[in-house]
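> Task: produce atomic coordinates for the following.
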Amino acid sequence: MRAGWIPIDDTDKQKQAGSFVYDIARFIGSPFSYDVAGLENIQTPGPAIFIANHLGALGPIEIIISVPIRFYPWVIANMIDFELAPEYLFNDFVHPVLHLNGSFGLRFSRWLSKISVRLLRAVGSVSIDRFGGMSTDGFRQSLRLLKEGRNLLIFPEDSLQPLDPVTLMSPFMPGSTTLCILFQSSQNTLLPVYPMAAHAHSELVTIGPPEFYPTLGRQKEEKNSFCELLEERVRSLYLDMQGKSDDILG
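So this is what the prediction gives:
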């Protein structure tokens, strides 16, 4: 079904302002939103972690404008830094997606970054420096949001690793699994982690049933296994949509 607009109930003034900006962004992008399947799998309003495929620059945009949940997304630190964002946007979006090159592409990236940085900061994005060492501030902010009952949106693919030609996914990094460990050890309660996948050809986002990090005392083994499990769940959701899309086209 097509996801509807759901207003957010935030009590803090700053979060209210962020949620207003978030809802406006979703409203503006709604004509381009995907259908959403699997909303019935969501068991509680939060807290939870939602794990999704990146799908280039498309996945984060489509999931935020399509899924009627107030997410707090993990964002690469460069994307919310006014100095670093133009180069990152050029390499990640403007050149590969919009096919704008040279000085014009760089000028466009600088202009776009003035909007995107402000928008990402306004909606409460969590800054994560994946390749300069995991930011403790990012994890502190994430834990605080989870303890407040919020929902995090994480795209755990390692962009330095090659893409799988079938799923267009890179191997997952374990940062979200580490966050599960920190939350569950501090709160003494399980944290649902929802696998989710976006598929461009079918214009669909699918949400799977929640997974729960096991606490059996073998942390290193459990951490790696859970990360692999989440990657496989997202991959399966994508391949299922791919199969249905191929059947329709065939």
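> what's the longest strand anywhere in the chain packed up against?
Longest strand in the chain by number of residues (criterion: DSSP state E): strand 192-199. If contacts are counted by 3 or more Cβ pairs under 8 Å, 6 or more residues apart in numbering; DSSP states H and E, strand 192-199 sits against strand 48-52, helix 58-66, strand 204-207, strand 211-212, helix 219-249. Glycine gets a C-beta too; all of them are placed from N, C-alpha and C.
> Pull out the buried positions in the second one.
Within helix 58-66, the residues that count as buried by 16 or more other Cβ atoms under 10 Å are 58-66.
> what angle sits between it and strand 192-199?
Using axes from the mean of the first three to the mean of the last three Cα atoms, to 10 degrees, the inter-axis angle of helix 58-66 relative to strand 192-199 is 110 degrees.
> could you say what helices and strands helix 58-66 packs with?
Going by 3+ Cβ pairs under 8 Å, 6+ apart, helix 58-66 lies up against helix 13-29, strand 48-52, strand 71-76, strand 151-154, strand 192-199, strand 204-207.
> As JSON lines, these with distance to residue 84, mean pLDDT and mean neighbour count would be great.
As requested, the helices and strands packed on helix 58-66 are exported to JSON lines (distance: least, Cβ to Cβ, whole Å; pLDDT from 0 to 100; neighbours: other Cβ atoms under 10 Å):
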{"stretch": "helix 13-29", "distance to residue 84": "22", "mean pLDDT": "79", "mean neighbour count": "15"}
{"stretch": "strand 48-52", "distance to residue 84": "24", "mean pLDDT": "96", "mean neighbour count": "25"}
{"stretch": "strand 71-76", "distance to residue 84": "9", "mean pLDDT": "90", "mean neighbour count": "22"}
{"stretch": "strand 151-154", "distance to residue 84": "21", "mean pLDDT": "96", "mean neighbour count": "24"}
{"stretch": "strand 192-199", "distance to residue 84": "26", "mean pLDDT": "96", "mean neighbour count": "25"}
{"stretch": "strand 204-207", "distance to residue 84": "29", "mean pLDDT": "96", "mean neighbour count": "23"}
